[in-house]
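Novice: Please find the sequence and the predicted model below.
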Amino acid sequence: MKMSAKKRRGDVYDIVSYNIKKYRKSIGITQAQLAERCQLSHEYIRRIEAPNIKKHHFSLETVSIIADALNIEVVQLFDKIEEDEV
């Protein structure tokens, strides 16, 4: 997952999107499985994670639902992206 220096520094939506994908993959589930756990559409999860599309904004409530589905704390989705992760 390559990410530009600008994105590493900080658009919060890009950081959250990157971390959702990272944690989802770390537990070995697909976007469709995450969507089912969250009771959201697969397309919505796909758009949240997509790195190169102009994203529509997603709510803190959605972030909380996704964090619960991933069995992580919400704050983990806001962790800055480290150089060695890109």
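Specialist: Thanks, I have it. Numbering: from 1, shown residues only.
Novice: Next, give phi and psi for residue 30.
Specialist: Here is the backbone geometry of residue 30 (degrees, to the nearest 10): phi -90, psi 170.
Novice: Now it: closest residue in space that isn't a chain neighbour?
Specialist: residue 24 (7.9 Å; Cβ to Cβ, 6 or more residues apart in numbering). Backbone N, C-alpha and C define where each C-beta goes, glycine included.
Novice: Can you mark which positions in the helix or strand hosting that neighbour are buried?
Specialist: Under the criterion of DSSP states H and E, residue 24 resides in helix 12-26. By 16 or more other Cβ atoms under 10 Å, the buried positions in helix 12-26 come out as 14-24.
Novice: Quick check: of the residues you listed, which lies closest to residue 69?
Specialist: residue 24 (8.8 Å; Cβ to Cβ).
Novice: Quick check: that closest one vs residue 49, distance?
Specialist: Going from residue 24 to residue 49 by Cβ to Cβ, to the nearest Å gives 8 Å.
Novice: who touches both of those two?
Specialist: In terms of Cβ atoms under 8 Å, 6 or more residues apart in numbering, residue 24 and residue 49 are both contacted by the residues residue 31.
Novice: Lowest mean pLDDT among the helices and strands of this protein, which one is it?
Specialist: None of the helices or strands of the chain scores lower by mean pLDDT, DSSP states H and E than helix 5-9, at a mean of 48.
Novice: quick one on the thing from earlier: can I assume the residue nearest to residue 30 is in contact with residue 37?
Specialist: No: look at residue 24 against residue 37 with Cβ atoms under 8 Å: they stay out of range, at 9.8 Å.
Novice: quick one on the thing from earlier: what score does the residue nearest to residue 30 have for pLDDT?
Specialist: Note on residue 24: pLDDT of 98.
Novice: Right, I'll leave it there.
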